[in-house]
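>>> got a predicted structure plus its sequence, pasted below:
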Amino acid sequence: MESTIKIWLASAADRLQVAAMRAALWPDAPLEEHLREFDQLIATGMSGTLPAATFVAEQFGGVLVGFLDVGLRSHADGCDAARPVGYVEGWWVREDLRHHGIGRALLRAAEDWARSHGCREMASDALIDNQQSLAAHRALGFEIVDRCYHFRKSM
């Protein structure tokens, strides 16, 4: 099935479909927030102060079936602190099309993008109980370097 997949760097024309996929991955945020974040990324090519991009996957007839948000980070746990790191910020494939190479193709595009920005490593994260994400990362060559809880306190 991978040969029928088209991958490209997302553009403004993809905004509604990308926002809908982001809402499927992160349902706690309203669609308007996903649209606003995507519009900012397309306008600037940045996430905050560092370069970022969104890659999309199309299987047939203009319908997007997956995306991967990638960005640069100055460092990531377990990676060489002397070099920037490509970071998978968000990664989603339509559930009925998983295990067919779409996620792999998206990751390959993100790795090429990160290499073009001087990266030699990719990093990512997943919630500690997300077994599906853990399996996908391991299948594509990622290794676990740490497990932790993140804390926050309002003051």
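Ah, there it is. Numbering: from 1, shown residues only.

>>> avg pLDDT for stretch 128-143?
Averaged over stretch 128-143, pLDDT sits at 95.

>>> can you pull the buried residues of that stretch?
133, 136-137, 140, 142 (16 or more other C-beta atoms under 10 Å). Where you see a C-beta, it was placed from the backbone N, CA and C, and this is true even at glycine.

>>> now swap in stretch 25-36 and tell me
Neighbour-count burial for stretch 25-36, counted by 16+ other C-beta under 10 Å, picks out 34-35.

>>> how far off centre is it?
15 Å (C-alpha atoms, centre = their mean, to the nearest Å).

>>> what's it in contact with?
Applying C-beta atoms under 8 Å, 6 or more residues apart in numbering, the external contacts of stretch 25-36 come out as 15-16, 18-20, 22-23, 90-92.

>>> most neighbours among those residues, which one?
Using other C-beta atoms under 10 Å as the neighbour criterion, residue 18 leads the contacts of stretch 25-36 with 25 neighbours.

>>> who are the contact partners of that residue?
With contacts defined as C-beta under 8 Å, 6+ apart, residue 18 is in contact with 10, 34, 38, 54, 56, 64, 67.

>>> which SS class is it?
Per DSSP: H, G, I helix; E, B strand; the rest coil, the secondary structure class of residue 18 is helix.

>>> equivalent analysis for residue 148, please.
When the structure is split into helix, strand and coil by three-state DSSP, residue 148 lands in coil.

>>> following the helix or strand where residue 107 lies, which helix or strand shows up next?
According to DSSP states H and E, residue 107 maps onto helix 102-116. From helix 102-116 onward toward the C-terminus, using DSSP H and E, the following helix or strand is strand 122-123.

>>> the helix or strand following that following strand: how far from the chain's middle?
Tracing the chain C-terminally past strand 122-123 and defining elements by DSSP H and E, one meets helix 131-139 next. A distance of 14 Å separates the C-alpha centroid of helix 131-139 from that of its chain, computed with C-alpha atoms, centre = their mean.

>>> counting contacts, what elements does helix 131-139 pack onto?
Identification of packing neighbours for helix 131-139 by 3 or more C-beta pairs under 8 Å, 6 or more residues apart in numbering; DSSP states H and E yields no helix or strand.

>>> swap the cut-off to 10 Å and go again
Using 3 or more C-beta pairs under 10 Å, 6 or more residues apart in numbering; DSSP states H and E as the contact criterion, the elements in contact with helix 131-139 are strand 85-93, helix 102-116.
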